[in-house]
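Asker: Here is my input; please provide its structure:
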Amino acid sequence: MSTFQGLGRALRWLRDRQGKRQYQVADAAGITKAMLSAYETGKQKPSLDTLEKILDALDCSLNDLHNSLQIVNERPEAIRRPGGRDSGWTRPAQDMFGGERTGSDVYHVLGINRPIPPIEEQALSEMLQGFHKLVRYFHDTVSQALPPEPEPEEPA
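Answerer: The predicted structure follows:
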């Protein structure tokens, strides 16, 4: 099987995970929507330079692309985990869904050292990201709703 078997499906998977439209990614990468569509459907293969621009537009690394290729090709056992012993790469500033890393991952939050199945890891990660967004929303809502604290009176 070719190293890039399913490249188009992997690019679309990455784009879909971020909720981005083709025109948004294409514009950010400096290509046409039609070209991105041709890449995603496998009708054409992007040059390495163009692939790099698409990944930049998606805020993804080559490791994210590797993992999405494993997912669309149904080989979850080949997914590289951040900081894994034989992963050969370090954890990026952003995750493969475009969210910023906060210094903790699913393993850290759960306090476990054993590997969990990739589909469970992904589901837990998405759940934690959603929970984090919810907490931020409530924090922002409460912060805006509270009246400002009165300044302390100076002693006479």
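Asker: Going by residue numbers, what spans are helices in this structure?
Answerer: 7-17, 22-29, 33-40, 48-57, 62-72, 106-110, 118-145 (DSSP state H).
Asker: nearest to Glu153, of these?
Answerer: Closest to Glu153 of the helices of the chain, according to Cβ to Cβ: helix 118-145, at 24.5 Å. For glycine as for every other residue, the C-beta is placed from the backbone atoms N, C-alpha and C.
Asker: Show me what counts as buried in that closest one.
Answerer: Within helix 118-145, the residues scored as buried using 16 or more other Cβ atoms under 10 Å are 118, 121-122, 124-125, 128.
Asker: By mean pLDDT, point me to the weakest helix or strand of this protein.
Answerer: Counting by mean pLDDT, DSSP states H and E, the chain has its least confident helix or strand at helix 106-110, which shows a mean of 65.
Asker: And Arg15, how far from Ala29?
Answerer: In this view, Arg15 and Ala29 are 11 Å apart by Cβ to Cβ, to the nearest Å.
Asker: ok, now Trp13?
Answerer: Trp13 is 16 Å from Ala29, by Cβ to Cβ.
Asker: Give me the pLDDT for Gly30.
Answerer: Looking at Gly30, its pLDDT reads 96.
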